[in-house]
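J.: the following block contains a protein sequence and its predicted model.
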Protein chains: 4
Amino acid sequence: MLKGLSKAGIGTIDEKDFIRLASLHGFDAIDTDGTSLVTLIEENGLEQANALLQENHIKIGTFGLSVQWRTTEDEFKSGLKQLVAEAEAATALGCTSCITYILPSTDFNAAEFMAVATRRLRTCAQILGCFGIQLGLEFVGPHHLRTRWANPFIWDMNQTLSFIEAIGEKNVGLLVDSYHCYTNGMTNDDLTQLKAHQIVHVHINDAKDIPVEDLLDNDRLYPGEGVIDLVGFLLALKQVGYTGPVSQEILTQSPPIEYAEVLVKKSAELYQKLFKAAGM
Amino acid sequence: MLKGLSKAGIGTIDEKDFIRLASLHGFDAIDTDGTSLVTLIEENGLEQANALLQENHIKIGTFGLSVQWRTTEDEFKSGLKQLVAEAEAATALGCTSCITYILPSTDFNAAEFMAVATRRLRTCAQILGCFGIQLGLEFVGPHHLRTRWANPFIWDMNQTLSFIEAIGEKNVGLLVDSYHCYTNGMTNDDLTQLKAHQIVHVHINDAKDIPVEDLLDNDRLYPGEGVIDLVGFLLALKQVGYTGPVSQEILTQSPPIEYAEVLVKKSAELYQKLFKAAGM
Amino acid sequence: MLKGLSKAGIGTIDEKDFIRLASLHGFDAIDTDGTSLVTLIEENGLEQANALLQENHIKIGTFGLSVQWRTTEDEFKSGLKQLVAEAEAATALGCTSCITYILPSTDFNAAEFMAVATRRLRTCAQILGCFGIQLGLEFVGPHHLRTRWANPFIWDMNQTLSFIEAIGEKNVGLLVDSYHCYTNGMTNDDLTQLKAHQIVHVHINDAKDIPVEDLLDNDRLYPGEGVIDLVGFLLALKQVGYTGPVSQEILTQSPPIEYAEVLVKKSAELYQKLFKAAGM
Amino acid sequence: MLKGLSKAGIGTIDEKDFIRLASLHGFDAIDTDGTSLVTLIEENGLEQANALLQENHIKIGTFGLSVQWRTTEDEFKSGLKQLVAEAEAATALGCTSCITYILPSTDFNAAEFMAVATRRLRTCAQILGCFGIQLGLEFVGPHHLRTRWANPFIWDMNQTLSFIEAIGEKNVGLLVDSYHCYTNGMTNDDLTQLKAHQIVHVHINDAKDIPVEDLLDNDRLYPGEGVIDLVGFLLALKQVGYTGPVSQEILTQSPPIEYAEVLVKKSAELYQKLFKAAGM
C-alpha cells in the first residue's frame, strides 16, 4: 500500500510545495483535483511535471471527479469537456484513479435520482475508461447526513456495490474510507469480502470517542488519534490484496490553524506508527 | 394500431377459446403470459399453434414478464431459465414484446431498489433481446399505491424514461396505459413528445368520474364508459407513429360475472365506437 | 423527408453563404463538420447562429465525426475533447446526428480492427449520446475499395447492422447512401426491411451507366443524372417512415469547376424533379 | 494456485471417479463441462454432490461454454436455455468460471464474424454474470490453425484483450494456456503485464522440441516433459497474483492408451516436480 496525503487536514498549499512536502515526510502519493493536474502540466510542461513527481518519488493517487452529477442535466453536460481534459492530464501524469462521494440523502425522489445518477456516472466512467482511469464511489456513513435532505439515499457498502452493478462499467469500484466504515457499523471482516480490483481508493481517518450515531462528517481525527481499529483496517485491506494509496482526508469544522509543514510531519509520524503496528 | 384484448375484463377462459373469441369480434391481437405461449406450442405443436393464430388473424400482442425482479436475488435468478423458454416460445409465435409493471412504492430503500431493479431488468432485457423481443415498462399512476408501501418509488413517464436510460438496453421502452396517464395528470400532448420506437405496448382503460386522486388501480372501466379522453389518447399515439397493439386491461375489485362472450362483444363494440371517433 | 445539401458537389464555400444559398434554392438542411459548428457559434454567438438558421429555414442535418477511430490509440484519444466541444455546439444548434464512414478494407488484421473499432465507436456514441446525438455508420460499396488495402473489412448493410449490434449503444444506426446500396447490389426492397429509427441519415447520389463493379467511389453523379432508381429509393425510405435529411454528396475526381450558385441551383432542380416523381 | 485436472490427457472416465482420482493424487480442482455438472446434481442431489466435492477437497475449476457461438444464429439461440441450466448448476456447486476457445481462422468474413461473436459472447457473459460466473476466452496459438480456414482471425493475447474490450462485460477475461503462449512467441514477461482479475483460468501444457511454427494443437506433452519454461510461467502467474486453477489439457492425436489411474498419477508427479521447482 502507498502512504497517501490529501490537502484535507493540511490546509491551503501550492501544488508543487505539496508534492515536495509529502515527499520530504515519506509519503508515496498525493490526492488532488483535476484542475490542479491540468495546471501542473500547463505551467511546467508535461516533461517537467513528470520529472517533479519522479524526483520526489510521489505518485498522483487520485483526483476528485469535477463533473456535477448531482444537480441539473445542463450542469452535468457542461462538465464533460473539462472531464476529458482532466482525464488526459491525469493519464499523462500516470494517475489511474478518480473519485466521487455519494451523499446519503437527497431532495430529489430517491429512486428517480438513482436512475439519473446511474446514467450520469456511467457516462463519466466511460470517458475515464478511455484513458485507463478507474472511478471510485465513496459511501458516506455519518448518521446526521442521512436526514440532512428530504429522502434517504444510500450509505453503505452493499448498497454502493448495487449502485456499481447498476452503472455496469468495468472501471467503477469503491472508495473505502475507514470513517464511513466505522460510522456504518462495518467490521473489518466485512471488508475482507471484497476483491482487490473492487477497491479503487482508500481513505484513512479516525473518529472521536463519542456514540457512533453522533459523529459528524466534518469532525474527523488524524489516523491513530481516535478509536477506530485502523490496524485491523489496514490488515483487512492487505488480506484482500489492495496495493494502492491509503490517504488521510481530515475534514474539520474549521480550517487547520497550524502550518502545513507541521501537519504533514504529524501525519507522517502517525502513519509510521500505524503501518508499523500493522507490520507493513 | 391493432385492437388488442387481455383477459383482464373478460374472465377465465381457455387460450384457444380466447383466440377464437377475440377473432370473432374483430380484435387483432391478444395479450397473454409466457406460460400460455409455451403450453400452446407444447399442446399443439408449433405449426398448429401458428396456424391457429393465422386462421384467426390474431397476433400475440405481448406477454407478461414472469421473472420475479421485485423480491430476492434467488427468486430473480430462479426465473431466468423459464424466461428463456418463454422468449423462445414467443419469438416462434411471432411475438416481439414482453411487459412488466412498476409499483409506485416499495418497502425497500427506494434508491437501492432502483439500483437492483436496474441490473435485474437489464438482464431480462438482454435475454429478451437475443430473441428480438422488446421489454415494455409500465408506470402505474393511481395515487393510493404511492403510499401503499413504505417508500415512494416512481410512477410517471419521465421517471420511467430515466429508469429506461439507467437500464441502458436498446430494446427497453414504455408501456403506455391511458389509466395511468390520466391518474398522473398527463395530457395527450405529453404523449406526443415520445417517438414511436419508445412505445413497446399500449393499454387502454377508462376511469370513473370521481376525483383523480381517489381512483383505485383495480376499479377501472371499459374504454368509452368513463371520463378519459381516449379519442385524444388514440390520436396522440397515431401522431407519434405507434402502430402496435392497444389492449384493454380491465382490473376490477371482483371478477366479472358476465360470460366471456358477452364481455368480448361489449368490448368490441366500445372499441369500434372509439376507433371510429378517432377516424381509424 | 428533408432536402439536404453537403458541400461535396458544391465546392468551397463559406458556412453562412452555404446556409443562405441552400435556403434560397429550397433546401431544408445542410450537412457540415463539427469544427464549422463550433466556429459558427464562436463567431456569431449562439443566439445569432440559431437566428441565421431559423431565418433561412435551414436545419443542420448532420456533422462528420472528427475523432480518428481508424488509426492509433493516441490519435483516437486525442480527438475526444474536440468531440465533446462539437457535440455541445451541435446540440445547441438543434442538430441530433453525426456520421462516419467505414472503409471496406484495412491494412490491420480485420478481426482485431473490428474489435478495436467497436470499442472506439462505442465511446464516441456514448459521448454523443449524452448530448442527444445519434451516430450514423455509412457502409461503402464501391468494389475497388474492397481490395484497396490488404484485408477485406465490411461493406454491406447486414454487416453494418452486425457492427452496430456489437457496439451495442442505443443511439447508433445506419447512414444509407443510394450509391453504396447500388454498388452493393441492394434492392429497394432490402431497404424496406429497416425500421425508421435504424436510419440516422441518408445520402442520395447517382451512378454512371457502367458495370457496377467498375464504379469508383469518387466518380458520382448528381441525383437524377445517372442510372440508379432514386424514385424507388425515396419511396422505400418513405415506406420505412424515415423523415430526416436526404443529402447529396457528390464525390468527384477533381473539384467542381462551376460556381457554387450554379451547382446548388442545378441540384435543387434535380431534387425537385426527383421528389415530384416520388410524389413528395 | 490450484492444481487442476481436465479429462484431456486422462481419457474417458466417470465424473465421480474423476473427482476421487484427482483427489487421491493431490489435485485441487477439476475442469469439466456443464452437462456433467447438471447431471451430477440430478443424479445425486445438490447436497450429496457438494458433499462429494468437499470430502474429496476438490473444486470445480471451470466448465466449457456449451453455447455454439461460431455458427448460425439459430444454433446460438437454441443453446441459451441450456446455458442458464448449466450456470445454475455451476454456481450451486461453487464454480465461478466458464471457458471457451477462439479459433485463429474462419471461413466467414473475419470482421463481420468478430462483430457477431462480440454480440453473442456478450450475451453469454451477461447470462453467466447473473450467476456470478466469469467467462474466460482462450487464444489459440498453433500456426497451422491460422490458415486452417479461409480468413485469419485472432490468436494472441493483445488481440484477445481487444476482443474482451469490445464485448465490454465486467466478467470476461483470459484463459491463459502455456502452449498457446509458447506457440505465439510470448515471453513470461508479457504475462506479467496482466492483472490478476484479467485471468479467468489457466491451462498448463508442454511442447515438443521442434520448430515452434510446426507444433500442432493436438500434439501436446504433459507439463514438464517438453521444452516450455513452465517454471517461469508459474512464477509469472504468481507475480501477477493469480490464485485460481492451473489445469493440464493434453490434446493428442489419438486417445491415451494407458489407464486413467496411471495417467493421473503421472500428471500428479509432474505437477509436484514443477510446483516444487517454482517454490510453490
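T.: That came through fine. Source: prediction; values computed, not measured. Residues are numbered from 1 along each chain as shown, chains lettered A, B, ... in the order given.
J.: pull the number of nearby residues for the closest residue to chain D within chain A.
T.: Distances from chain A to chain D, computed as Cβ to the nearest Cβ, single out A:His197 as the nearest residue at 4.3 Å. To be clear about C-beta, it is placed using only N, CA and C from the backbone, and glycine gets the same treatment. Around A:His197 sit 19 other residues, with neighbours defined as other Cβ atoms under 10 Å in any protein chain shown.
J.: now do it, the pLDDT please.
T.: With respect to pLDDT, A:His197 scores 93.
J.: helix, strand or coil for it?
T.: Taken by DSSP: H, G, I helix; E, B strand; the rest coil, the conformation at A:His197 corresponds to helix.
J.: get me the contact residues on chain A for chain B.
T.: For chain A, the residues in contact with chain B (Cβ under 8 Å from any Cβ of the partner chain) are A:106, A:109-116, A:118-119, A:122, A:151-154, A:159, A:162-163, A:165-166, A:168.
J.: and the nearest residue to the residue of chain A closest to chain D once chain neighbours are set aside, how far from D:Glu42?
T.: Taking Cβ to Cβ, 6 or more residues apart in numbering or on different chains, and ignoring the residues beside it in sequence, A:His197 has D:His197 as its nearest neighbour in space, at 4.3 Å. Taking Cβ to Cβ, to the nearest Å as the measure, D:His197 and D:Glu42 are separated by 33 Å.
J.: same question for A:Ala236.
T.: Distance of A:Ala236 to D:Glu42, given as Cβ to Cβ: 40 Å.
J.: compare neighbour counts for those two and give me the winner.
T.: Per other Cβ under 10 Å, whichever of A:Ala236 and D:Glu42 has more neighbours is A:Ala236, with 24 against 11.
J.: what score does the more buried one have for pLDDT?
T.: On pLDDT, A:Ala236 comes in at 98.
J.: same question, A:Thr12
T.: According to the prediction, A:Thr12 has pLDDT 89.
J.: how many residues are close by it?
T.: A:Thr12 has 9 neighbours, counted by other Cβ under 10 Å.
J.: could you do A:Ile210 as well?
T.: Other residues near A:Ile210 number 12, with proximity taken as other Cβ under 10 Å.
J.: what do you get for the one 4 residues further on?
T.: By other Cβ under 10 Å, the residues close to A:Asp214 number 12.
J.: what sits against it?
T.: A:Asp214 makes contact with A:His143 under the criterion Cβ atoms under 8 Å, 6 or more residues apart in numbering or on different chains.
J.: on that earlier part again, can you flag the buried ones in the residues of chain A next to chain B?
T.: When neighbours are counted using 16 or more other Cβ atoms under 10 Å in any protein chain shown, those contain these buried positions: A:106, A:109-116, A:118-119, A:122, A:151-154, A:159, A:162-163, A:165-166, A:168.
J.: can you show me the helices along the stretch 151-280 of chain A?
T.: Counting by DSSP state H, counting those that start in this stretch, the stretch 151-280 of chain A has helices at residues A:157-167, A:178-183, A:188-191, A:230-240, A:260-277.
J.: and those helices as JSON lines, adding distance to C:Leu65?
T.: Below are the helices of the stretch 151-280 of chain A laid out as JSON lines (distance: least, Cβ to Cβ, whole Å):
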{"stretch": "helix A:157-167", "distance to C:Leu65": "26"}
{"stretch": "helix A:178-183", "distance to C:Leu65": "42"}
{"stretch": "helix A:188-191", "distance to C:Leu65": "44"}
{"stretch": "helix A:230-240", "distance to C:Leu65": "42"}
{"stretch": "helix A:260-277", "distance to C:Leu65": "47"}
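J.: tell me which of the ones you listed is the most buried.
T.: Compared across those, helix A:178-183 shows the largest average neighbour count, a mean of 26 (mean count of other Cβ atoms under 10 Å in any protein chain shown).
J.: can you list contacts of that helix?
T.: A:138-143, A:155, A:157, A:190-191, A:202-207, A:212, A:215, A:217, A:220, A:223, A:228, A:230, A:233.
J.: that older thread, the residues of chain A next to chain B: which ones sit near chain D?
T.: Applying Cβ under 8 Å from any Cβ, the subset of the residues of chain A next to chain B adjacent to chain D comprises A:Gly168.
J.: show me the residues of chain A next to chain B that map onto strands.
T.: The strands, defined by DSSP state E, take in A:106, A:151-152 from these.
J.: ok, so of the residues you listed, who is nearest chain C?
T.: For chain C, the closest of these turns out to be A:Thr106, at 21.6 Å, with distances computed as Cβ to the nearest Cβ.
J.: mind checking what secondary structure the residue nearest to A:Pro255 when sequence neighbours are not counted has?
T.: Counting by Cβ to Cβ, 6+ apart, A:Pro255 lies nearest to A:Gly11, which is 6.0 Å off, once chain neighbours are set aside. Secondary structure, three-state DSSP: A:Gly11 is coil.
J.: wait, A:Gly11 sits on A:Ala260?
T.: Yes - using Cβ atoms under 8 Å, A:Gly11 makes contact with A:Ala260 at a distance of 5.2 Å.
J.: and stretch A:65-77, how far apart are its ends?
T.: The separation between the terminal residues of stretch A:65-77, taken as Cα to Cα, to the nearest Å, is 13 Å.
J.: any bit of that stretch sitting next to chain C?
T.: Yes - remark: stretch A:65-77 sits within contact range of chain C at A:Lys77, by Cβ under 8 Å from any Cβ.
J.: can you give me the buried ones in that stretch?
T.: Going through stretch A:65-77 with 16+ other Cβ under 10 Å, the ones that come out buried are A:65-67, A:69-70, A:76-77.
J.: what angle separates whichever strand or helix holds A:Ile99 from helix A:157-167?
T.: Here A:Ile99, judged by DSSP states H and E, is contained in strand A:97-102. Direction vectors for strand A:97-102 and helix A:157-167, defined by axes from the mean of the first three to the mean of the last three Cα atoms, to 10 degrees, enclose an angle of 110 degrees.
J.: what about A:Glu138, is that helix, strand or coil?
T.: Counting by three-state DSSP, the three-state call for A:Glu138 is strand.
J.: what residues does chain A put near chain D?
T.: A:168-170, A:195-197, A:241.
J.: only the buried subset of the residues you listed, as a ChimeraX command please.
T.: This is the ChimeraX syntax for the buried subset of these, where burial follows 16+ other Cβ under 10 Å:
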select /A:168,169,170,196,197
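J.: which one of the residues of chain A next to chain D is nearest to C:Val38?
T.: Proximity of the residues of chain A next to chain D to C:Val38 (Cβ to Cβ) peaks at A:Glu169, which lies at 28.6 Å.
J.: so that closest one sits right up against A:Ile127, yeah?
T.: No - taking contact to mean Cβ under 8 Å, the distance of 10.3 Å between A:Glu169 and A:Ile127 leaves them out of contact.
J.: wait, what's in contact with A:Pro223?
T.: When contacts are counted by Cβ under 8 Å, 6+ apart, A:Pro223 is found next to A:178, A:204-206, A:230, A:248, A:267, A:270-271, A:274.
J.: good, wrapping up.
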